[in-house]
Structure formats: C-alpha cells, structure tokens
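**Student:** output the structure for:
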Amino acid sequence: MRVLITGGAGFIGSHLCDRVLAEGDQVVCVDNFITGEESNIAHLRDRPPFRLIRHDITKPLEVEGPVDLILHFASPASPIDYLKLPIQTLKVGSLGTLNALGIAKAKRARLLLASTSEVYGDPQVHPQLESYWGHVNPVGPRGVYDESKRFAEAMTMAYHRAHGVDTRIVRIFNSYGPRMRAHDGRAIPAFITQALRGEPLTVFGKGSQTRSFCYIDDLIEGIVRLIRADWHEPVNIGNPGEYTILQLAERIIALTGSASRVVFKPLPQDDPQQRCPDITVARTRLGWQPRVDLDTGLNQTIGWFRTRQFV
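**Tutor:** Purely as a prediction, here's the structure:
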C-alpha cells in the first residue's frame, strides 16, 4: 500500500511511519513541523519507500499517484501547544480534516482520523464509553482542541455517510513513550525531565485528578488493528489502568532514583478530574488490549530521555 500520514513527524505519527514501513508499505509523510520534530523521522529520510512533503494540511494538497490509506494525525496535541496555537489547532481540525477527507474521496482511499479522549471533556461518566457524548466547555481555553476534534469526527462521519468514504475514528487516551517532546506540557515528559535534572516535579491542583497511560507500542498496535477492522464508529484506544497524577510523579521519582520533590501549583481551567477509557469495543471488535505495564513503559521512556541532550 501507499500510505499518506499527516503529522507524520509527530510523536505518534513518526511511530506509525516506522510501523507502516516495517510492514513493507510506502509512506508519504506530510508535516509542516509546527510541533513535529525532524529528528523523529531523520532515520527514515534515505529510505526509498519514504517520502516527506513539507506542507500545512490546512491548505489544499495535490498528491501525485495512488493513495490507499490516509492516517490523519496532524494537530497540536498538548495543552501548551493548543493554548499557544489556538487558531492553528481549530484550522487543522476543520480545514485540515476537510482536505484529508477530500484526498480520500478523490483517491478512493481509506481514512483513519486521530481523535482524542478530550472529546469527553471533564467527564460525568466514568470510565468513558464511546457512546458518551461528553461534557465540554466550548468557549473555555481547552475548547479549541476539544471542539476541533469533535468537529473532525462529525466531518469524518459525514463523508462516510454522504460520500461512502471508508473511514475509521480512533479516540486516543493519554499515551507516552520515546520521541515525546520534553517541554510539551504533558505530565510524563515533564516529570521525567524534571526528575532527571533534580528539579521539583510540578503537580497541578492536589494531584488527585486521574489519568490512564498507554505505551506507544500498544497504541500503534491498536491503531493498526482498527485500520484493518470493518468498523466505522469511534473506538477508544488507551490503557484502563488508572493513576492519580501524584502517584505518577512519585513513581517517576522512584524509577529515576531522583532526589526531586513534588511542588503543587493551581489547577488549569477545565482540567478533567477523571480520564479512563472503557475499551470493551476495542477488546471485542479488534481483539486488542494493552500489554505493557506502567513501570515497563516508564523505564523505556526514561531510558530514551536519558540519551537526550536537553537532560
């Protein structure tokens, strides 16, 4: 197959590039590097099945030749990114999704949309099932990301119903692993870099808010299985193991052997108090469930961060 991956130089996108190439398929990576990192795909640049197009997917894109599959992963995805880039975040969720779907329609390609657990907002249902419609503040500071993904899902389903485009939607819960950016505002890279530097670990609120953390290898396997499945409704992919943010900080201090301590700062507006996926659909429809436990995944991620110059 020839696979077009938008946001292919990002954390998840670059791992998808690796997986697609490992299966013997061709990759056309599209990225404008607004949050993607060239270092994430540097090892692929000289491989003939890999092609990089430096392009903003919110603008029309002409792709020569056939395209069999589109993986639409372009978007700022961390709180720091989408609070700093609110307009770009809204545009890539709307115009970027429209352009990706247009290519899929023209090329008769399957398209998988990377959505997010943020569509559930600060949930009033726990754990979150795909049938839950969410509790989102559309005009709050996080609304630019939440609503861009909710719109992207609606657009994807509209193209599926109106134009017969073969679509998939994955709702990704908190994921982690090598190639995360140290300063993107997400808890795991922030805590690891702070711990390795001997700095205080910054926990917002009392640290009682919960998250579930899925290692990148498990996430990629779930995405690949969804691509291959005959299922068009959204599917949660994440690890249902639930931890408080304070527990996560303390675990990273222990695993790094750091002398760091925890400091507390005010909780950001609309920060979800609970976040945990119900993965019944993924288990029954895809035969998927996460296999990497938190300590194993954190040790792999810590090892990668130890090799980075910024540590």
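**Student:** Leu101 and Cys29: what is the separation?
**Tutor:** 19 Å (C-beta to C-beta, to the nearest Å). Using the backbone N, CA and C atoms, a C-beta is placed for each residue, glycine as well.
**Student:** and if you look at Leu83?
**Tutor:** 26 Å.
**Student:** the two: which is more packed in?
**Tutor:** A count of neighbours by other C-beta atoms under 10 Å puts Cys29 above the other of Leu83 and Cys29, at 26 against 16.
**Student:** do a quick rundown of the helices in the stretch 51-200 of the chain.
**Tutor:** Assigned by DSSP state H, counting those that start in this stretch, the helices in the stretch 51-200 of the chain fall at 79-84, 86-91, 97-107, 143-163, 187-197.
**Student:** where in this structure is the helix or strand with the lowest mean pLDDT?
**Tutor:** When the helices and strands of the chain are scored by mean pLDDT, DSSP states H and E, helix 79-84 comes last with a mean of 89.
**Student:** show which residues not belonging to that one make contact with it.
**Tutor:** Applying C-beta atoms under 8 Å, 6 or more residues apart in numbering, the contact partners of helix 79-84 are 35, 76, 89, 141-142, 144-145, 183-186, 268.
**Student:** need the residues you listed in JSON lines with pLDDT and neighbour count, can you?
**Tutor:** Shown next, in JSON lines, are the contacts of helix 79-84 (pLDDT from 0 to 100; neighbours: other C-beta atoms under 10 Å):
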{"residue": "Thr35", "pLDDT": "95", "neighbour count": "24"}
{"residue": "Pro76", "pLDDT": "94", "neighbour count": "24"}
{"residue": "Thr89", "pLDDT": "97", "neighbour count": "26"}
{"residue": "Pro141", "pLDDT": "89", "neighbour count": "14"}
{"residue": "Arg142", "pLDDT": "90", "neighbour count": "22"}
{"residue": "Val144", "pLDDT": "95", "neighbour count": "21"}
{"residue": "Tyr145", "pLDDT": "96", "neighbour count": "26"}
{"residue": "His183", "pLDDT": "85", "neighbour count": "11"}
{"residue": "Asp184", "pLDDT": "84", "neighbour count": "16"}
{"residue": "Gly185", "pLDDT": "83", "neighbour count": "15"}
{"residue": "Arg186", "pLDDT": "90", "neighbour count": "21"}
{"residue": "Pro268", "pLDDT": "78", "neighbour count": "14"}
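**Student:** show only the entries of those found in strands.
**Tutor:** Of the contacts of helix 79-84, none are assigned to strands by DSSP state E.
**Student:** next one: Asp278 from Arg54, what distance?
**Tutor:** In terms of C-beta to C-beta, Asp278 sits 39 Å off from Arg54.
**Student:** neighbour count winner among those two?
**Tutor:** Neighbour tally, Asp278 and Arg54, criterion other C-beta under 10 Å: the higher count belongs to Asp278, 18 against 12.
**Student:** which residues touch the more buried one?
**Tutor:** 127-130, 236, 240.
**Student:** before we move on, the earlier item: which stretch among the helices of the stretch 51-200 of the chain comes nearest Cys17?
**Tutor:** helix 97-107 (16.3 Å; C-beta to C-beta).
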